[in-house]
Structures are given as C-alpha cells and as structure tokens.
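Student: Need a 3D model of the sequence below.
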Amino acid sequence: MNIPTGKKIYFSSDNHLGAPTREESLPREKKFVKWLDEIKQDAAAIFLLGDLFDFWFEYKHVVPKGFVRILGKLAEIRDSGIPVYFFVGNHDLWMTDYFESELDIPVYHKPREFEFNSKIFLIGHGDGLGPGDHGYKRMKKVFTNPFSKWLYRWLHPDLGVPLAQYFSVKNKAISGEEDQEFLGEDKEWLIQYCRRKLEKKHYDYFLFGHRHLPLAFKLNENSLYVNTGDWINYYTYAVFDGEELKLKKL
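Tutor: Now for the predicted structure:
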C-alpha cells in the first residue's frame, strides 16, 4: 500500500472500555470517539491493536451490551472508505466474526506483516510473544480452545458476561498493566521477540500494544519497536506519515 500525499496511518491499543465499570470508562470512550472523528480527516488507514474492550465474547446471536458510540463511529469510518484493521488482545480474544460481518473490519488473531511506502511493518497486540510469561501462554491455550469456548457459550449471557467482566477487571496479572516502568531491554519480552524476528528477516517497524507503556525503542540502525501505550493512563498512539513512525500523545 502506498500512502497518498497528506495521508497518515494511525495505530492505537488498550482502551479497555468497560473497565473498571461502564460508567467510569464512558469518558474515555467519548474521548477516543472524538479522536477517531478528528483523524478520519487525513487517515489512510487505522489499526486497532487489541484490548479495545476489557471483555468481549460473541455468542451466536448476542454480543456484550453497550459501546454504541465506538461501534457507530467505526461503522461510519468504514462506510466512508477508510480501512480499519483489528488485532484481538488478551481481553477481547474471544472475538469472532461480528466486526467482520457488521463493520467490515478484518480481525487478526496473530501478528501480521504489512508494507507501506516500501517500509515493512510487523503488527500485533503483543500478548504471549517472546520468552517467558509461560503461565499466561498456558492460560491462553485454554481460553482459545474451541471446546472451552463451546462450553462457555452454554452460560446464559446474563451470567457469562458479568462473570467474565469481574475476573477481567480483577485479574491484572494477564492484562499487561502491572509493570508500567521500563524493565530493561533484557527483561522486556517484546524487545526480545523483535530481536529474534530480526535474525530471520528485516523489519523497519514493529508495532505492538499490550504493555500499556508508550515506548519507542531502537533495535538497530534500521529497525524500531514502538509500543502504543494505552488510553487509560497515557492516551498515546502512533502515526506513520509515509516516511517516519512517531509516538504521540493526545
């Protein structure tokens, strides 16, 4: 994809809408919708890198109540012709085809390569990548197992949704919110993951969320890892103008 002159690509992640309560997250949702309304003027594409919701589960005929502002704005943006891409995070990993069928937004469950203006990007949410975090990796296998999802769907939504929301808010060990200080490049799993990927192939940019820590880390002279931070404490996002990727704050 070649970015037209004057256009930009925007990246954001980790809104965790609905947490700790819908009422408390509503101002953040409104702020994010306003931001989307502003960037649609020059957006060539928008990437949402996961954990847009603090919990999301799709039953056969039911999705979680609420979030009409963000869903309506995304529908409007797509209807205007602007591409939107969604990468599931660890809090909305039970997303299936609702975004694709209702909003025409492709949904990705793993990191994916893109090329913009001859620059190669590797983009994803970031959970479970790199060495370590073995407890979460085992838990993710259980959560994403088709049989586990089938069993959970037998819970009535009036039970299943609030139950999952309770544990989603309480269990911050798997949310990426615990360590919001830079741990050093040898202890940052996503940095280790990026370096391992560079051993096999060149990437100009790595873009991830999950960590809740806005970060632009130079891996070598030609490769940059950017973490988009979050819309809880930092209100940060990344922008690619066709030549350079920058991390920005609202």
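Student: drop to CA atoms for contacts and neighbour counts, all remaining ones
Tutor: Noted.
Student: in this protein, which spans are strands?
Tutor: Along the chain, counting by DSSP state E, strands occupy 8-12, 43-48, 84-87, 107-108, 112-116, 119-123, 205-208, 215-218, 224-227, 236-240, 245-249.
Student: Run through the neighbouring helices and strands of the third one.
Tutor: Read it as strand 84-87. With contacts taken as 3 or more C-alpha pairs under 8 Å, 6 or more residues apart in numbering; DSSP states H and E, strand 84-87 sits against strand 43-48, strand 107-108.
Student: same check, this time on the first one
Tutor: Taking 3+ C-alpha pairs under 8 Å, 6+ apart as the contact definition, the neighbouring helices and strands of strand 8-12 are strand 43-48, strand 236-240.
Student: Show the low-confidence segments of this protein, by residue range.
Tutor: Where the chain drops to pLDDT under 70, the residues are 132-145, 147-154, 156-158, 160-179.
Student: ok, which stretches of it are helices?
Tutor: If DSSP state H is used as the criterion, the helices of the chain fall at 22-39, 68-79, 98-103, 134-143, 146-152, 157-170, 189-198.
Student: Give me the contacts around the longest one.
Tutor: This means helix 22-39. For helix 22-39, the surrounding residues in contact (C-alpha atoms under 8 Å, 6 or more residues apart in numbering) are Tyr10, Asn15, Leu17, Gly18, Ala19, Phe67, Arg69, Ile70, Lys73, Trp231, Ile232.
Student: Okay, angle between it and helix 68-79 too, please.
Tutor: If you take axes from the mean of the first three to the mean of the last three C-alpha atoms, to 10 degrees, helix 22-39 sits at 20 degrees to helix 68-79.
Student: Of the helices and strands packed on strand 84-87, flag the one that's most buried.
Tutor: With neighbours taken as mean count of other C-alpha atoms under 10 Å, the helices and strands packed on strand 84-87 reach their highest mean count in strand 43-48, at a mean of 22.
Student: Strand partners (parallel or antiparallel) of that one?
Tutor: Applying DSSP bridges, strand 43-48 is found paired with strand 8-12 (parallel), strand 84-87 (parallel).
Student: Contacts for that strand next, please.
Tutor: Residues contacting strand 43-48 (C-alpha under 8 Å, 6+ apart): 3-4, 7-13, 82-87.
Student: Selecting buried members of the residues you listed in PyMOL, what would you type?
Tutor: Those of these that count as buried under 16 or more other C-alpha atoms under 10 Å are selected in PyMOL with:
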select buried, resi 3+7+8+9+10+11+12+13+82+83+84+85+86+87
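Student: So which bits of stretch 84-97 are buried?
Tutor: For stretch 84-97, a neighbour-count test (16+ other C-alpha under 10 Å) marks 84-96 as buried.
Student: typo on my end, stretch 50-59
Tutor: Quick answer for stretch 50-59 (16+ other C-alpha under 10 Å): Gly50, Asp51, Leu52, Phe53, Asp54, Phe55, Trp56, Phe57, Glu58, Tyr59.
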